[in-house]
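Peer 1: need a structure here:
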Amino acid sequence: MNPFDARHRILLVADSPAIRGLVGEILGAAGYALDAVPDGPQAVQRAAADRYALVLTALSLPGLDGMAATHAIRRLPYPQGDVPILAITATVSVMDRDRCFAAGIDGFLTTPIDRLDLLEAVAQWLEAADDPTWGLDARPGVAPPLVNRRTLAQLEEDVGPELLPEILTTFLQETERRLALLEARVLAGDALGAADEAHALKGSSGTFGAMALRQAVHEMELSGRAGEGVRLGELMPEVRRLVTVTCDLLRAEYASPDPDRLVP
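Peer 2: The predicted structure follows:
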């Protein structure tokens, strides 16, 4: 990826002139094309009018807050609605994080803004937008995307927008069924059985772009193969949480027919 490619345009949404100035200076010096707006309604308007490679948004905004603006952007036709969106925030609780994921936010940037962290995050998520397999392989210190939207866009191209909701609904039902089987294996102390269930869930999660869930159940599979029953119990709550937020997000965005979500 060449960061000086003007196709990698970024939309920044922040009502703070200081944040807009700082982020604009850092990204501009790195060669990225940046548009900046101060509120949620303008963010939705710009996202609808132009195709961006990435959106960076504050959560507290005039007009529409960051989550509401994200939800509106996700309702835009393909490809505008499939842009990666990162929230800029000082702190975020687990509950707030899950609400952000449910709204369609992909990840987080913490304030105060650190130059290297910002550039690393931008590079990672631009890669995610370009690569339908990004997140399949674990990288130390790098969180996988909750959902790789490029994977889902490719699926939509492969099977057609009319069939995708039906296929995704089947995947979501199967995921929840396998979660129950995985939990039962863990509670029964059946480490190898848990590893088998985690392996099956890993394969389907990767196919449908649920990369964070895929990596979590991959770790469970490894622990199960090693007979680490205590570790399986420790990992189970995070896998359960990821199933919930991932399924909620996919249901909200993809698993219902929407005439606007047509691949040209």
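Peer 1: contacts and neighbour counts: CA atoms only from here.
Peer 2: Will do.
Peer 1: please, where are all the helices along the stretch 151-264 of the chain?
Peer 2: Ranges of helices in the stretch 151-264 of the chain, per DSSP state H, counting those that start in this stretch, are 164-187, 191-207, 211-225, 229-253.
Peer 1: buried deepest among those helices, which one?
Peer 2: Among the helices of the stretch 151-264 of the chain, ranked by average contacts under mean count of other CA atoms under 10 Å, first place goes to helix 211-225 (a mean of 24).
Peer 1: tell me what that one is packed against?
Peer 2: Packing partners of helix 211-225 (3 or more CA pairs under 8 Å, 6 or more residues apart in numbering; DSSP states H and E): helix 191-207, helix 229-253.
Peer 1: immediately after the helix or strand harbouring residue 109, which helix or strand?
Peer 2: Element membership for residue 109, per DSSP states H and E: strand 107-110. For strand 107-110, the following helix or strand on the C-terminal side (DSSP H and E) is helix 115-130.
Peer 1: distance between that following helix and the chain's centre?
Peer 2: Centroid displacement of helix 115-130 relative to its chain, using CA atoms, centre = their mean, to the nearest Å, is 13 Å.
Peer 1: okay, it in CSV with CA atoms only?
Peer 2: C-alpha atoms of helix 115-130 as CSV (Å, rounded to 0.1, in the frame of the first residue of the first chain):
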residue,chain,number,x,y,z
ARG,A,115,1.5,10.4,16.2
LEU,A,116,2.8,6.9,15.8
ASP,A,117,-0.3,5.3,17.2
LEU,A,118,-2.4,7.3,14.7
LEU,A,119,-0.3,6.4,11.7
GLU,A,120,-0.2,2.8,12.7
ALA,A,121,-3.9,2.6,13.1
VAL,A,122,-4.6,4.3,9.8
ALA,A,123,-2.2,2.0,8.0
GLN,A,124,-3.8,-1.1,9.6
TRP,A,125,-7.3,-0.1,8.8
LEU,A,126,-6.6,0.9,5.2
GLU,A,127,-5.1,-2.5,4.8
ALA,A,128,-8.2,-4.0,6.2
ALA,A,129,-10.4,-2.1,3.8
ASP,A,130,-8.3,-3.4,0.9
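Peer 1: packing partners of it?
Peer 2: Judged by 3+ CA pairs under 8 Å, 6+ apart, the packing partners of helix 115-130 are helix 17-29, strand 54-58, helix 149-159.
Peer 1: got the angle for that helix vs helix 149-159?
Peer 2: 10 degrees (axes from the mean of the first three to the mean of the last three CA atoms, to 10 degrees).
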